[in-house]
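**Q** requesting a structural model of the entry that follows:
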Amino acid sequence: MPKGKRKGKFDKIRGESSMLSSDEDSVNDNASVISVQSETRSVLEDENAEDDLSQQEIFEEKLIEAIDGLIQKSAQSRTACFEAVCTAFIKKFIPEFVHDRRLTLCDYIERGLRKGKGAEQLSAAKLAALLCVQLGSTTSAEEVCNILRPILSVTANDKSVSLLVRAKCCIALGLVMFLSGGEIGELILVMREFEALFNGSYLRGDGTTPSPNPDLGVLHAAALSSWSLLLTLLNPSDVYSFMGEYDTSSFAPSLEQLSEMLLSPHLEVRMSAGEALAISYELGREFNEDFAEDFSSELVETLRQLATDSHKYRAKKDRKTQRATFRDVLRTIEEFEPYMDNIRLGGRELLLLDGWVRRKQYDALCSALGPGLQVHLINNDLLREVFSMGAKPLTVDSTITASKQSKLERHLMNAAAFKARTISRGKNRDKRSVVMSS
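**A** Numbers count the residues shown, from 1 in each chain. Prediction:
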């Protein structure tokens, strides 16, 4: 059994006292808490700045690799690179980076649409819309539109191409035309192309409802949705003139033809038709409150049936979505009640959707950008102009930095207070133990 000197009670207390005194000696009581905090904060700020810079460099390097991979031999690899570039364009707004590579990207998109198949064409069409979003209000946006519009139009009307790819090209073409702000003549030509695609959902000559296959229904809905998006760019007087008298010779379908599409067996077609009718009435009534008054009573009855639809042969989710949408449409057309909604952006700004025109534009951008829409609405001048949000706030970054600094300050102050409190309590505990032992 090992032997050693056994510590007594006094030795134990002396050892604890020496440990406490060493801790006290290591703390500089004369040090300024504020100066310590400021030094720590400056160091952390420099580190954060370096981290942000390095992360941006890594982001751009990976994006360049993905762009270079758009010409690989493997179709699967090209598709993966298209998706990677799309994800990067959704995540961040980088107009300067994109501007320097816009022509290269246009060339790759055109090659993907012409020579690619299926998934590659879908990704290329998606990238076409995102490219115009990234360019924002720069003059190169119109240049890119002029390059991409022909290939998107040809692919959308090519019957040898997959129906889903054609539908995606319709969505991309509509958004490209919307963002580029082209001339009214070009706008109407594209709207005529869209009308020629979705007129297959009108009632047949004998009054029967067509039943296109699901993919064809998706194409009709996409073409009508893009047509409605471009309709939001027209003056109310033009909408009143073209649609108020049921003039089927123009680019615009009549209100009666749009109402026929409400009877489609496909939910997407019915929803797009209801949306187009709501936008038409909103713009037409903006010019003249008596817009299509004679047709309204007949239309209201159809809308009321859709807003209260309870047919069991339709999916429960579809019925719920349909009823919610057509209740809003019915209120607009029957009760002259405008659509209203608020979208909060990052807790600092509030986007007001005061009508179907604003809602349609927001939905189109939301469909393209998804979760990245808020980032672009805060930083993209073109999107801010679309929604009349004014200039980009200058205090966004400073607000975030100030918030981070205040959290850091609170953390440092709490840490300093905790340490001082621990030392003070340690002294008191030591005194109590000595008194009790004596």
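**Q** do you know how far the closest residue to residue 283 other than its chain neighbours is from residue 286?
**A** Of all residues not flanking residue 283 in the chain, residue 239 sits nearest, at 4.1 Å (Cβ to Cβ, 6 or more residues apart in numbering). Just so you know, the C-beta spots here come from the backbone N, C-alpha and C atoms, and that holds for glycine as well. Using Cβ to Cβ, to the nearest Å, residue 239 is found at 8 Å from residue 286.
**Q** now the end-to-end length of stretch 58-78.
**A** End-to-end span of stretch 58-78 (Cα to Cα, to the nearest Å): 21 Å.
**Q** doesn't residue 362 fall inside a strand?
**A** No. Counting by DSSP: H, G, I helix; E, B strand; the rest coil, residue 362 is not found in a strand; it is helix.
**Q** you'd agree it is up against residue 387?
**A** Yes. Counting by Cβ atoms under 8 Å, residue 362 touches residue 387, with 7.4 Å between them.
**Q** helices along the stretch 201-350 of the chain, start to end?
**A** 214-231, 236-243, 255-260, 267-287, 293-307, 316-335 (DSSP state H, counting those that start in this stretch).
**Q** before we move on, the earlier item: which one of residue 239 and residue 286 has more residues nearby?
**A** Remark: of residue 239 and residue 286, residue 239 carries more neighbours, 23 against 16, as counted by other Cβ atoms under 10 Å.
**Q** now render the helices of the stretch 201-350 of the chain as CSV, adding mean pLDDT and distance to residue 173.
**A** Below are these laid out as CSV (pLDDT from 0 to 100; distance: least, Cβ to Cβ, whole Å):
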stretch, mean pLDDT, distance to residue 173
helix 214-231, 96, 7
helix 236-243, 87, 21
helix 255-260, 92, 20
helix 267-287, 94, 16
helix 293-307, 90, 28
helix 316-335, 90, 24
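**Q** out of these, the one nearest residue 54 is which?
**A** Closest of the helices of the stretch 201-350 of the chain to residue 54 is helix 214-231, at 39.7 Å (criterion: Cβ to Cβ).
**Q** so which elements touch that closest one?
**A** helix 163-180, helix 184-198, helix 267-287, helix 356-369 (3 or more Cβ pairs under 8 Å, 6 or more residues apart in numbering; DSSP states H and E).
**Q** winner for burial among these?
**A** Among those, helix 163-180 has the highest mean neighbour count (mean count of other Cβ atoms under 10 Å), at a mean of 25.
**Q** how far does that helix sit from the chain's center?
**A** When distances are taken as Cα atoms, centre = their mean, to the nearest Å, helix 163-180 is centred 16 Å away from the chain's centroid.
**Q** and that helix, average pLDDT?
**A** The average pLDDT for helix 163-180 rounds to 95.
**Q** quick one: that helix to helix 267-287, angle?
**A** Compare the direction of helix 163-180 with that of helix 267-287 by axes from the mean of the first three to the mean of the last three Cα atoms, to 10 degrees and you get 20 degrees.
**Q** could you give the angle of helix 163-180 to helix 356-369?
**A** Going by the same axes, to 10 degrees, helix 163-180 makes 120 degrees with helix 356-369.
**Q** so what's residue 123 up against?
**A** Residues near residue 123 by Cβ atoms under 8 Å, 6 or more residues apart in numbering: 79, 82, 83, 86, 112.
**Q** test my guess that residue 341 contacts residue 350.
**A** No. Taking contacts as Cβ under 8 Å, residue 341 lies outside contact range of residue 350: 10.8 Å.
**Q** so which of the two has more stuff around it?
**A** Set residue 341 next to residue 350 and count neighbours by other Cβ under 10 Å: residue 341 wins out with 13 against 10.
**Q** about what we covered before: you'd agree the residue nearest to residue 283 is up against residue 285?
**A** No. Applying Cβ under 8 Å, one finds residue 239 not in contact with residue 285, separated by 9.6 Å.
**Q** gap between stretch 171-182 and the chain center?
**A** 16 Å.
**Q** can you offset everything so residue one is 413?
**A** Got it, first residue is 413 now, which makes that one stretch 583-594.
**Q** what lies in contact with it?
**A** So stretch 583-594 is in contact with 537-538, 540-541, 544-545, 553-554, 556-557, 560-561, 564-565, 568, 598-599, 602, 606, 634, 637-639, 641-642, 644-645, 773, 776-777, 779-780, 794, going by Cβ under 8 Å, 6+ apart.
**Q** weed out the non-buried ones from these.
**A** 537-538, 540-541, 544-545, 553, 556-557, 560-561, 564-565, 568, 599, 602, 606, 634, 637-639, 641-642, 644-645, 773, 776-777, 780, 794 (16 or more other Cβ atoms under 10 Å).
**Q** quick one: the contacts of residue 535 as CSV, columns for distance to residue 758 too.
**A** Output for those, formatted as CSV (distance: Cβ to Cβ, whole Å):
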residue, distance to residue 758
491, 33
494, 29
495, 26
498, 23
524, 34
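**Q** let me know the closest of those to residue 626.
**A** The closest of those, once distances to residue 626 are taken by Cβ to Cβ, is residue 491, at 23.2 Å.
**Q** ok and the helix or strand hosting that closest one relative to helix 768-781, angle-wise?
**A** Element membership of residue 491 [criterion: DSSP states H and E] is helix 487-503. Angle of helix 487-503 versus helix 768-781, following the same axes, to 10 degrees, is 130 degrees.
**Q** next SSE after helix 487-503?
**A** According to DSSP H and E, the helix or strand after helix 487-503 is helix 507-511.
**Q** which other helices and strands contact that next one?
**A** helix 531-547.
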